[in-house]
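>>> What would the 3D arrangement of this be:
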Amino acid sequence: MKTDPVTLAILGNKLAAISEEMCLTLQRTGRTLYVKETADFACALAGPDGRFFAYPRSIGVSGFVGLECGPTIAAVGPLEPGDVILTNDPYRSEGLATHLPDLHMIEPYFHEGRIVAYGWCFVHCSDVGGRVPSSISPVNTEIFQEGLRIPPVKLMKRGEMSPEVRLFLEANSRTPEANLGDIRAMMAALAAGRRRFEQTVMRHGAEAVSAAASDLLAWAAEKARAVLRQVPSGSYSFSDYLDDDAAGKLPVRIALTATFADGEVHLDFTGTDPQVATAMNIPSRGRPHAWLTLRVLALVNTLDPSVPLNAGLLDPVRITAPEGTLVNPQEPAATGVRHAAAIRVNDVLNGAFGQALPDIMPAASSGTVIPVVVAEPDGKGGRRVQVVEPMIGGTGARSGRDGVDGRDSGISNLANNPVETVEAELGVEILRYALRPDSGGAGQWRGGCGMELTFRILTDDTNVLGRGMERLLFRPWGAHGGGPGLPGELIVNRGKPDERRPGKIDVLNVNAGDTITFLTPGAGGRGDPLKRDPQAVLRDVRNGLVSEGAAASAYGVVIRDNELDADATSARRAGEVAKSPADGRGPERNGWDAVFEPALMDSLNLALLALPGTVRQRRRKEIFDAVLPALPEGFPRVAADAAEIGRARAAFEHAVSGLAASPVSKSA
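This is a model prediction of the structure:
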């Protein structure tokens with residue numbers, strides 16, 4: 001390294017502070033709830049290569065450290081002072097943007113006529129057009145349905161906003177004024193970063209600052225390798241499922257083999273399902289993308305909190321993400337709900353890493369983030385569009401610690417929206433916003449509880465959208481004898497004669513007086529529930545996190561009149577010991593894997609990827625359509641007996657063998 005350690009520490013803190021001041025500027029000047037309250041934005045400083053060397057730790061979306069600005073910068077050509085690049089296109093930005101509502105802006109920072117760094121920021125904006133309000137629908141089948149695609153263009157030229165670009169932006173949104181307010185906040189953030197960066201250059205010199213930026217990346221990479229060397233060498237495989245692709249009923253598989261060796265890790269997603277014909281795809285472009293590597297960042301920063309947060313953390317990471325799969329789709333695949341798949345990628349990384357580091361990695365988190373959106377008539381023929389709440393669940397239990405209730409920062413650290421602010425912005429009345437009792441997986445250490453949000457609609461002809469609803473079928477898994485979390489649910493008019501449970505929704509049409517209840521999943525527990533301290537169970541009951549019935553059935557702890565009955569507890573636990581230990585995956589996942597075994601699923605997906613992309617989904621559906629009739633209707637929610645499982649598995653083996661043996665041709 002060119003920079004001495006003391007100077008590097010000083011400049012590292014100064015540069016990180018610049019990125020945090022940019023974020024504070026953006027949040028304080030933002031227009032929409034998703035910026036002002038939820039904090040779905042981020043800012044950073046990038047070097048001439050487009051990689052982030054300074055990134056904030058405590059504000060905004062924390063997981064986008066691995067994004068790269070280089071392809072977007074190269075796409076627009078030469079830049080001048082006062083220019084600002086804008087894009088939201090996942091494909092033309094090579095994965096900088098990952099869905100269309102995320103507007104990304106880049107400004108070159110000049111010194112003595114040359115670019116020495118770039119300022120970057122993004123916000124999730126309210127609406128960029130498309131088929132539905134807020135622009136995100138799980139059932140969109142191609143990116144063209146998701147709104148206005150903005151290739152890398154100059155929004156600002158020599159300090160002046162391009163009137164043509166502004167016109168396109170305003171003409172393609174249901175909320176043009178809100179969007180423009182957030183865009184101006186982004187420009188203010190970039191300007192704040194430019195001023196602070198100029199001050200740092202004037203104080204320390206351009207060469208010293210540039211050297212420090214490069215050395216910070218190298219330092220982070222060196223420390224990351226040191227952490228990864230603590231992981232036992234070897235290959236660790238794990239797989240998990242999305243409930244479905246939001247259009248059909250077939251689960252969607254994500255598979256991973258993580259190989260650790262000499263301070264590096266290779267993440268191989270071979271065995272993952274082909275890209276889906278809905279909006280769950282992750283546009284990673286086959287790189288060590290932020291959405292595929294978040295758990296690596298978490299692992300490194302957990303074992304060494306002193307590691308600087310920058311792109312160097314990912315230097316020891318290699319990725320294999322086969323083109324045409326869910327984690328590396330081909331254009332024009334829809335990507336609007338890519339966060340749902342990214343959360344499951346996080347769970348898969350968590351499961352694989354947990355095999356290598358069982359005392360460090362937790363059980364599965366709740367596995368869902370649901371931005372609950374309300375779009376209500378504005379009285380002028382349009383709609384007001386706002387995010388009511390980014391609903392999450394809890395974190396998984398780990399050795400020695402319960403999971404966190406109602407808080408999961410697995411893929412981002414979004415904040416909740418204050419009830420008063422939501423009710424001031426929209427015609428809704430929040431009736432209940434609380435932790436969901438009995439939802440956390442049982443264990444010696446309990447999984448974090450999920451959440452409940454119930455609100456009443458006050459305006460007829462209102463639309464409710466719940467983007468990324470997941471874990472309604474396959475439960476968040478427990479670890480080392482811990483039980484799974486409770487699955488999620490959506491209920492309309494709960495407790496009323498017209499109560500209904502629609503499952504996943506695209507656009508739900510409701511009227512004044514209707515109530516909407518979102519119940520998010522709880523996280524997985526860890527360890528034998530019968531070993532949990534009875535006083536901890538009593539505390540959970542008194543805090544409303546566990547019911548008395550669940551205390552007895554799940555933990556063998558008898559509580560009467562809010563007090564522990566020690567004698568009855570000892571007797572009950574003695575009788576429970578003879579039972580089989582808790583099953584961490586839940587009956588639905590066990591039933592599915594009994595038929596669709598992991599090794600056969602690997603073979604199926606390898607065979608499907610050998611086919612032309614245009615026929616993969618059709619052939620996959622044909623295979624499952626040939627197998628599922630042998631199982632009970634509603635499988636795997638409805639259990640199958642051993643004979644049914646045997647017949648279905650034999651049919652699946654035959655179908656996979658036939659596909660693998662068939663010649664590959666464009667007429668497949």
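
>>> Helices along the stretch 1-150 of the chain, start to end?
5-29, 33-36, 70-76 (DSSP state H, counting those that start in this stretch).

>>> same thing with the stretch 301-450 of the chain?
Applying DSSP H, counting those that start in this stretch to the stretch 301-450 of the chain gives helices spanning 338-356, 419-425.

>>> and stretch 508-525, how far apart are its ends?
Taking C-alpha to C-alpha, to the nearest Å, the first and last residues of stretch 508-525 lie 33 Å apart.

>>> my bad, stretch 587-603
OK, stretch 587-603 end separation, C-alpha to C-alpha: 24 Å.

>>> before we move on, what about stretch 432-443?
Termini of stretch 432-443 sit 28 Å apart (C-alpha to C-alpha).

>>> Pull the number of nearby residues for residue 254.
Counted with other C-beta atoms under 10 Å, residues neighbouring residue 254 total 25. In this view, the C-beta of every residue, glycine as well, is placed from N, C-alpha and C.

>>> so how far is the helix or strand where it lies off the chain centroid?
Using DSSP states H and E, residue 254 sits in strand 252-261. In terms of C-alpha atoms, centre = their mean, to the nearest Å, the centre of strand 252-261 is found 17 Å from the chain centre.

>>> C-terminal to it, what's the next element?
Later in the chain than strand 252-261, the nearest helix or strand by DSSP H and E is strand 264-268.

>>> Name the stretch among the helices of the stretch 1-150 of the chain that sits most buried.
Sort those by mean neighbour count, taking mean count of other C-beta atoms under 10 Å, and helix 33-36 sits at the top with a mean of 23.

>>> Double-check residue 653 against residue 600; I have them as touching.
Yes - between residue 653 and residue 600 there is a contact under C-beta atoms under 8 Å: 6.4 Å.

>>> on that earlier part again, mean confidence (pLDDT) on the strand holding residue 254, please.
Mean pLDDT, strand 252-261: 98.

>>> Just checking: what are the partner strands of that strand?
strand 234-242 (antiparallel), strand 264-268 (antiparallel) (DSSP bridges).

>>> Output it in PDB with nothing but the alpha carbons.
Extracted in PDB, the C-alpha atoms of strand 252-261 (Å, rounded to 0.1, in the frame of the first residue of the first chain):
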ATOM      1  CA  VAL A 252     -38.900 -22.100  -7.800                       C
ATOM      2  CA  ARG A 253     -35.500 -23.600  -6.700                       C
ATOM      3  CA  ILE A 254     -32.300 -21.800  -5.800                       C
ATOM      4  CA  ALA A 255     -29.200 -24.100  -5.300                       C
ATOM      5  CA  LEU A 256     -25.700 -23.200  -4.200                       C
ATOM      6  CA  THR A 257     -22.400 -24.900  -3.700                       C
ATOM      7  CA  ALA A 258     -20.000 -22.700  -1.700                       C
ATOM      8  CA  THR A 259     -16.300 -23.700  -1.900                       C
ATOM      9  CA  PHE A 260     -13.900 -22.100   0.600                       C
ATOM     10  CA  ALA A 261     -10.100 -22.400   0.000                       C
END
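
>>> Buried residues in it, which are they?
Neighbour counts over strand 252-261 (16 or more other C-beta atoms under 10 Å) mark 252-260 as buried.

>>> How about stretch 234-243?
Buried, per 16+ other C-beta under 10 Å, within stretch 234-243: 236-243.

>>> What of stretch 634-651?
635-636, 640, 644-645, 648-649, 651.

>>> Would you mind checking which of those is nearest to residue 520?
Distance to residue 520 across these (C-beta to C-beta) is lowest for residue 636, with 21.0 Å.

>>> Return the residues in contact with the closest one.
The contact partners of residue 636, taken as C-beta atoms under 8 Å, 6 or more residues apart in numbering, are 473, 587-589, 591-592.

>>> And residue 503, by the same measure?
Contacts of residue 503 by C-beta under 8 Å, 6+ apart are 469, 472, 490.

>>> do that again at 10 Å, thanks
Applying C-beta atoms under 10 Å, 6 or more residues apart in numbering, we find residue 503 in contact with 243-244, 246, 469, 472-473, 488-490.

>>> same check, this time on residue 363
The contact partners of residue 363, taken as C-beta under 10 Å, 6+ apart, are 347, 350-351, 354, 395-398, 403, 440-441, 443, 445, 447-448, 476-480, 482-485, 523-527, 584.

>>> Now it. Its backbone dihedrals?
When read as degrees, to the nearest 10, the backbone of residue 363 gives phi -70, psi 180.

>>> Quick one: end-to-end length of stretch 66-85, please.
Stretch 66-85 has an end-to-end distance of 19 Å (criterion: C-alpha to C-alpha).

>>> Now do the buried residues in the longest helix seen in the chain.
Secondary structure assigned by DSSP state H gives helix 176-204 as the longest helix of the chain. For helix 176-204, burial by neighbour count (16+ other C-beta under 10 Å) applies to 178-183, 185-190, 192-194, 196-197, 200-201, 204.

>>> pull the CA atoms of the helix or strand that comes right after that helix into CSV?
Downstream of helix 176-204, the first helix or strand assigned by DSSP H and E is helix 206-228. Provided in CSV are the C-alpha atoms of helix 206-228 (Å, rounded to 0.1, in the frame of the first residue of the first chain):
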residue,chain,number,x,y,z
ALA,A,206,-5.4,14.7,-5.1
GLU,A,207,-2.7,12.0,-5.3
ALA,A,208,-2.9,11.2,-1.6
VAL,A,209,-6.7,10.9,-1.7
SER,A,210,-6.6,8.7,-4.9
ALA,A,211,-3.9,6.5,-3.4
ALA,A,212,-6.0,6.2,-0.2
ALA,A,213,-9.1,5.2,-2.2
SER,A,214,-7.1,2.4,-3.9
ASP,A,215,-5.5,1.3,-0.7
LEU,A,216,-8.8,1.2,1.1
LEU,A,217,-10.0,-1.4,-1.5
ALA,A,218,-6.9,-3.4,-1.1
TRP,A,219,-7.1,-3.2,2.7
ALA,A,220,-10.7,-4.5,2.7
ALA,A,221,-9.8,-7.3,0.4
GLU,A,222,-6.8,-8.3,2.6
LYS,A,223,-9.0,-8.3,5.7
ALA,A,224,-11.8,-10.2,4.0
ARG,A,225,-9.3,-12.9,2.9
ALA,A,226,-8.1,-13.2,6.5
VAL,A,227,-11.6,-13.8,7.7
LEU,A,228,-12.4,-16.3,5.0
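
>>> What are the buried residues along helix 206-228?
Across helix 206-228, burial judged by 16+ other C-beta under 10 Å covers 208-221, 223-225, 227-228.

>>> Show the contacting residues for residue 525.
Applying C-beta under 10 Å, 6+ apart, we find residue 525 in contact with 362-364, 396-397, 402-403, 440-448, 476-485, 532, 554, 582, 584.

>>> Now with 8 Å, please.
By C-beta under 8 Å, 6+ apart, the residues touching residue 525 are 363, 396-397, 403, 440-447, 478-479, 482-485, 582, 584.

>>> I'm done for today, thanks for sticking with me.
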